[in-house]
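> Predicted model follows, preceded by the sequence.
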Amino acid sequence: MKQRIKIMKNRQQPTDEEIQGYMNFERLLEGRRVAVKRTSILTVAKWSAALLVIATLCLLYVSENSTSITSSQVDQPHEALPKTEALPITDSATTKSGLSQQEGRSLRSDQAEKVKKLPPAEQPSTPPITAERAAVNEYSQAEPLEGYDALYHYFSKNLVYPTEALKDSIQGIQTVSFVINEMGKPEQLQIQKSLGDAFEREARRLIQNMPEWKPATMNGKPVPSRISVPLTFQIRSIKK
Amino acid sequence: MEIGQKGGQTTEIKADERLITSAKSDPQAFRPLYEKYFKRIFLFVLHRIGDRSLTADITSQVFLKALLNIKKFDCRGVPFSAWLFRIALNECNDYFRKNKRYRIVTIEDDAVGNLYEELTAHHGEEDLREHLPAILQKLTAEELQIIELRFFEQRPFKEVADIAGITENYAKVRVYRILEKMKKLFLKTR
């Protein structure tokens, strides 16, 4: 980087007294005090901001996690959700609180009643909720009866490149999604990334004839679930 | 003579070290260092800035930065004076950059004599004196700084290196290369 310069022939030589006139150590110390104070305020502000950011990120992370759990539950068909949602909780809670009320009455003291009433109403209700939630979340995914390796082997063996697409030399990956119903059969087939009609026909043929699937289960009950499979069409895979 | 000078420098550095160590824990102990180096830093800045009140402000800023960062100063590295000169140089450069002001370069007669020996074998000193401002204009800020420290302020290579934040050997190499560049520029002007 170049600078604009001005050439002088003689150096300025101020007298020692003049230079000493500019010296002010007290002002320097005052400047230091101000700077240190400002730095400490800035440090506190920086740390607070950093903590705020961390807290916000944690909250976002927690909320995202809870949303993903909820959305994965929502993705399951409605019949998969047990209808006995929170019944055991209310049942057990009322029973327990009923019991405690009876105990309270027998004591015939307001304070004793309060003490007895509060804890049992909360404590026993906690374990059934977690147990119920655990039960609701017991979900296993659908999978091919003979395993994914066998499925991919089937795809690679039976996938036929549509000869009518040869002239355009189309190649690529076509994503197909379908629902594996309670019987383990594919239905509601959808082509998500289509390479063309001929490729869609081939994909439908392939999916309809693929090996059987074990349906997804919710609490041991078979439920329908949607699966996506990528199919790779390459010109070398033409079947003669 | 040189040994005596070096011995004096060592004693000065040791005395500085003691003061620096106490100043690290007590800012009041910085006073002797402030009083010792104020004039040198003031003149260093004044010869680049040219304005006395501005120089006083920049010099205060240099000492404030030195005091605030004295805990980071390592006595085994560069001498304290070189550290102060480096801060002063950075402050001056900041000032030129922010205010787009002219940077003053003072070329006294004996300084041209020093360069004359290095640059001209066949041409007169008057020739160089005439063309030197134009040649200096074509140098980069860093190149001009090194030439100024070495020839116009006649500092030893070690000090040039300490102020510029490079090794002594590299300072020599830089000076040699800049002189080569200046020679070419000088020949072009003729």
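That came through fine. Numbering: from 1, shown residues only, chains lettered A, B, ... in the order given.
> Excluding chain neighbours, what is closest to the residue positioned nearest the centre of chain B?
In chain B, the C-alpha nearest the mean C-alpha coordinate belongs to B:Leu149, at 4.5 Å (CA atoms, centre = their mean). In space, and not counting its chain neighbours, B:Leu149 is closest to B:Val160: 4.6 Å by CB to CB, 6 or more residues apart in numbering or on different chains. All C-beta atoms are positioned from the backbone trio N, CA, C, and that covers glycine.
> name the element A:Gln188 belongs to?
strand A:186-191 (DSSP states H and E).
> Return the alpha-carbon coordinates of that strand using PDB.
Written as PDB, here are the backbone C-alpha positions of strand A:186-191 (Å, rounded to 0.1, in the frame of the first residue of the first chain):
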ATOM      1  CA  PRO A 186     -47.200 -51.800  -1.200                       C
ATOM      2  CA  GLU A 187     -49.800 -49.200  -2.100                       C
ATOM      3  CA  GLN A 188     -50.300 -45.500  -2.800                       C
ATOM      4  CA  LEU A 189     -47.200 -45.500  -5.000                       C
ATOM      5  CA  GLN A 190     -45.900 -42.000  -5.800                       C
ATOM      6  CA  ILE A 191     -42.900 -41.000  -8.000                       C
END
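> quick one: the helices in the chain?
Defaulting to chain A. Applying DSSP state H to chain A gives helices spanning A:16-22, A:25-75, A:87-107, A:110-122, A:126-136, A:148-158, A:197-208.
> Can you look at chain B instead?
Using DSSP H, helices in chain B cover B:2-25, B:31-49, B:52-68, B:80-99, B:109-119, B:125-137, B:141-147, B:157-164, B:168-189.
> quick one: low-confidence parts of chain A?
A:1-3, A:67-137, A:236-240 (pLDDT under 70).
> need the residues of it near chain B, please.
Taking CB under 8 Å from any CB of the partner chain, the part of chain A that reaches chain B is made up of A:1-12, A:14, A:16, A:18-19, A:22-25, A:27-29, A:31-32, A:35-36.
> one more time with 6 Å
A:1-8, A:11-12, A:19, A:22-23, A:25, A:28-29, A:31-32, A:35 (CB under 6 Å from any CB of the partner chain).
> Pull out the buried residues from stretch B:12-24.
Using 16 or more other CB atoms under 10 Å in any protein chain shown as the test for burial, stretch B:12-24 gives B:16, B:19-20, B:23.
> What is the nearest of those residues to chain A?
B:Ala23 (11.0 Å; CB to the nearest CB).
> these two touch, right, that closest one and B:Ala29?
Yes. Counting by CB atoms under 6 Å, B:Ala23 touches B:Ala29, with 4.4 Å between them.
> quick one: A:Gln234 and A:Ile173 touch, right?
No. If you go by CB under 6 Å, A:Gln234 and A:Ile173 don't touch, sitting 9.7 Å apart.
> how far away is A:Leu59 from B:Thr106?
Applying CB to CB, to the nearest Å, the value for A:Leu59 to B:Thr106 is 62 Å.
> oh, I was asking about B:Phe85
B:Phe85 is 16 Å from B:Thr106, by CB to CB.
> Chain A contacts on chain B?
So far as CB under 6 Å from any CB goes, chain B lies against chain A at B:27, B:31, B:34, B:38-39, B:42, B:46-47, B:56, B:63-64, B:67-68, B:102-107, B:133, B:140-141.
> of these, buried ones?
Of the residues of chain B next to chain A, these count as buried by 16+ other CB under 10 Å: B:27, B:31, B:34, B:38-39, B:42, B:46-47, B:56, B:63-64, B:67, B:103-107.
> that older thread, how far away is the residue nearest to B:Leu149 from chain A?
Distance of B:Val160 to chain A, given as CB to the nearest CB, to the nearest Å: 18 Å.
> so that residue touches B:Phe151, yeah?
No. Between B:Val160 and B:Phe151 there is no contact under CB under 6 Å: 9.9 Å.
> residues making contact with stretch A:226-233?
A:161, A:171, A:173-177, A:179-180, A:199, A:203 (CB atoms under 6 Å, 6 or more residues apart in numbering or on different chains).
> what about 7 Å?
Here stretch A:226-233 makes contact (CB atoms under 7 Å, 6 or more residues apart in numbering or on different chains) with A:142, A:155, A:159, A:161, A:171-180, A:192, A:195, A:199, A:203.
> In strands only, show me these.
Using DSSP state E, the members of the contacts of stretch A:226-233 that fall within strands are A:172-180.
> Could you give me the ChimeraX selection string for whichever of the residues you listed are buried?
Those of the ones in strands among the contacts of stretch A:226-233 that count as buried under 16+ other CB under 10 Å are selected in ChimeraX with:
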select /A:174,176,178,179,180
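> Same list, the ones in strands among the contacts of stretch A:226-233, but as a markdown table with distance to B:Leu179 please.
Output for these, formatted as a markdown table (distance: CB to CB, whole Å):
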| residue | distance to B:Leu179 |
| --- | --- |
| A:Gly172 | 65 |
| A:Ile173 | 65 |
| A:Gln174 | 70 |
| A:Thr175 | 69 |
| A:Val176 | 75 |
| A:Ser177 | 75 |
| A:Phe178 | 79 |
| A:Val179 | 82 |
| A:Ile180 | 82 |
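> and which of the ones in strands among the contacts of stretch A:226-233 is nearest A:Glu212?
Nearest to A:Glu212 out of those is A:Ile180 (CB to CB; 9.5 Å).
> Return the set of residues that bridge with the spatially closest residue to A:Gln141 that is not a sequence neighbour.
Leaving aside its sequence neighbours, A:Gln141 sits nearest to A:Ala216 (CB to CB, 6+ apart; 5.4 Å). When assigned by DSSP bridges, A:Ala216 has beta-bridge partners A:Val223.
> Could you identify the buried members of the residues of chain A next to chain B?
A:3, A:5, A:19, A:22-23, A:25, A:28-29, A:31-32.
> Max pairwise distance over these: which two?
It's A:Ile5 and A:Leu29 that sit farthest apart of those, by CB to CB, at 35.8 Å.
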